[in-house]
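S.K.: How does the following fold in three dimensions:
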Amino acid sequence: DTVLPSTELQLGGLCGGVWGSCYICNKKPYMKCPQCYINQEFKHKYSAVPYCETCCTLVHSHPDREDHVPESATNPTRGIRMVLSAVLCIHTSHYVTYCRVPAPPPLVPEEIAGPSSNSPTPHSPYCWVFFDSMADREGGMGGYNIPQVEECPQLEDWLQNPAKLLHEKDRAPDFVKRLISDALLCFYIREKDT
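M.R.: Next comes the predicted model:
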C-alpha cells in the first residue's frame, strides 16, 4: 500500500518534556490537552497531548471531547529538528535508495537562464537522487552490476504535501510511486535546533 515519510521530525516532546510539535500535523504546538490520552503507553510518557491551534479546535469539536479543557503549551527550551535525508526501499529482494544530497550549482545562473522546471525547489541547497546499485548488468552470471544515480526532480514538493500525494498518487512520477510503495527505512539527520 502506501508509506508517507515525514520530511521532518520534531523531537522536543521526547527531550525533557518539551512540547516539540503538534501530535497530528507536526506544526508548533500552542495547546496541550491532559484529557486526550491516545493510549495507556502515551499516558505514562506524557502528561498531555500537544496540538497546534487548528488541530486542537478540530479534535475538540468532536462530541466525545467537548468536555476537555486544553491548556497553553509553552516551549521553555528549544527542541531538536530532524530532517529526512534518505529512504531505503526494497522490492523483491532488490534494495534501492533515495538520498537528499547537496544540489549542484546551476550551469547557468538562474538570474540569466530563469527558473527551470527540472531544478530543485527554488533556493533549495538540496535535491533528491535515486541510487540503484544493480540498475544494469554486464557479462551475465560471471559479470558485474552497473550502478545508476538519477535526479528526482520535485520529489521534495511531493513529500511536503502528503494530502496531494495520497489523492494524486496515480498521477505522480514513477520515482515517487516507487518510494511510497517500497519504503522500508527512513533516515533522519539533525539539521539544527528549532
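S.K.: would you list every one of the helices in this structure?
M.R.: In the chain, the helices defined using DSSP state H lie at 40-45, 53-59, 110-113, 155-160, 162-167, 174-182.
S.K.: Skipping its backbone neighbours, what lies nearest His68 in space?
M.R.: Gln35 (4.2 Å; CB to CB, 6 or more residues apart in numbering). All C-beta spots, glycine's among them, are computed from the backbone N, C-alpha and C.
S.K.: which residues does the one you found contact?
M.R.: If you count contacts by CB atoms under 8 Å, 6 or more residues apart in numbering, Gln35 has them with 65, 67-69.
S.K.: Likewise for Asp1?
M.R.: Applying CB under 8 Å, 6+ apart to Asp1 gives the contacts Ser181.
S.K.: any idea how far it is from Tyr51?
M.R.: 27 Å (CB to CB, to the nearest Å).
S.K.: And Pro70, by the same measure?
M.R.: 7 Å.
S.K.: what is the mean pLDDT for stretch 5-25?
M.R.: For stretch 5-25, mean pLDDT rounds to 72.
S.K.: What is the burial count for His62?
M.R.: When neighbours are defined as other CB atoms under 10 Å, His62 has 9 of them.
S.K.: next one: Tyr144
M.R.: So Tyr144, with other CB under 10 Å, has 10 neighbours.
S.K.: ok, now Tyr95?
M.R.: So Tyr95, with other CB under 10 Å, has 15 neighbours.
S.K.: what's the closest non-adjacent residue to it?
M.R.: Closest to Tyr95 by CB to CB, 6+ apart is Leu88, at 6.4 Å.
S.K.: For the one you found, name its beta-bridge partners.
M.R.: Beta-bridge partners for Leu88, by DSSP bridges, are Thr97, Leu185.
S.K.: Next one: it from Val59, what distance?
M.R.: Relative to Val59, and taking CB to CB, Leu88 is found at 33 Å.
S.K.: quick one: contacts for the closest residue to Gln154 other than its chain neighbours?
M.R.: Excluding the flanking residues, the one nearest Gln154 by CB to CB, 6+ apart is Pro173, at 7.3 Å. Contacts were defined as CB under 8 Å, 6+ apart; by that measure Pro173 touches 152, 154, 158.
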